[in-house]
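Student: What follows is a predicted protein model with its sequence.
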Amino acid sequence: MNIFVLMKRTFDTEEKIAISNGRIDEGGAEFIINPYDEYAIEEAIVLRDEHGGEVTVVTVGEEEAEKELRTALAMGADKAVLLDSEDVEELDQFTTATMLAAYLKEQEYDIILGGNVAVDGGSGQVGPRVAELLDIPQVTTITKLEVADGQATIVRDVEGDEETLEVSLPVLVTAQQGLNEPRYPSLPGIMKAKKKPLETLDLDDLDLEEEDVEAKTTTLDIFLPPDKQAGKQLEGDPQTQVKELVSLLKSEAKVI
């Protein structure tokens, strides 16, 4: 079984993020594998161990993304591919999906997995865009995946409920929290990852021109949410507190 995983290098939202000139200050940011993509990598490894074949992790980015690709290899993936975006002026979901689809069109694949969303942008567009460009079925926000006889049985999250689908391979799916528990890279895995193949391809290798991947959107500004104001503690008996709360909701919060 040929399994591909779409991975993104994102900043760690658990760490402090600084904004400089409308951009995230990458010099002080910590970068990791997008957490939802970790579920996709884990599920790919489980499928490979069950059905045989190999797992290839693919990302669009610059040289710095090799670190996260090596982490995916240390988790258990077999190969990694970096689609170098150094020559691309601006990246958006269209650009990323176009580069990924151009690479995947030349591959043989049974299943393509990705994260449901990226924690930095949260659009959830790249996976579905890739499936559309490849003209294959897609199922998003999956929480269970079983494969047998060229068919996938999939459970997906639908607004607090769940839906079960059957779909023929090949298929692209995006992983939701709850699909599995991603493993940590082991020391032997880290050592093996150094010897696993990591290929870098540029636009020429993908038979793409810069205008083919020109972003369709422009980021005007990036800013942090305002600091939360200190809370206010109401005093007195319950009736007095209710009156004061209603007054504050009218005069300060202006919600009633």
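Tutor: Good, I have the coordinates. Only a predicted model underlies this, so the values are computations on that prediction, with no experimental measurement involved.

Student: contacts and neighbour counts: CA atoms only from here.
Tutor: Noted.

Student: ok, the nearest residue to E209 once chain neighbours are set aside - how many residues close by?
Tutor: Nearest non-adjacent residue to E209, counting by C-alpha to C-alpha, 6 or more residues apart in numbering: L203, 6.4 Å away. Residues lying near L203 (other C-alpha atoms under 10 Å) number 20.

Student: Tell me if I'm right that L203 and D212 touch.
Tutor: No. Applying C-alpha atoms under 8 Å as the test, L203 and D212 come out as separate, 9.5 Å apart.

Student: Now do the residue nearest to E209 against T95, distance only.
Tutor: 11 Å (C-alpha to C-alpha, to the nearest Å).

Student: Next: K243.
Tutor: On the measure of C-alpha to C-alpha, K243 and T95 end up 55 Å apart.

Student: Please apply the same query to K192.
Tutor: Here K192 is placed at a distance of 32 Å from T95 (C-alpha to C-alpha).

Student: out of the two, which sits in the more crowded spot?
Tutor: T95 (22 against 16).

Student: Can you tell me the SS state at the more buried one?
Tutor: At T95 the chain is in helix, as set by DSSP: H, G, I helix; E, B strand; the rest coil.

Student: For E66, which non-adjacent residue is closest in space?
Tutor: Excluding the flanking residues, the one nearest E66 by C-alpha to C-alpha, 6+ apart is L82, at 7.2 Å.

Student: now A118
Tutor: Per C-alpha to C-alpha, 6+ apart, closest to A118 is N34, 6.0 Å.

Student: Test my guess that that neighbour contacts R9.
Tutor: Yes. Assessed by C-alpha under 8 Å, N34 is found in contact with R9 at 5.9 Å.

Student: all strands of the stretch 51-200 of the chain, in order?
Tutor: Remark: strands assigned in the stretch 51-200 of the chain by DSSP state E, counting those that start in this stretch are 54-61, 79-84, 111-115, 138-148, 151-158, 161-168, 171-175, 198-201.

Student: Perfect, that will be all.
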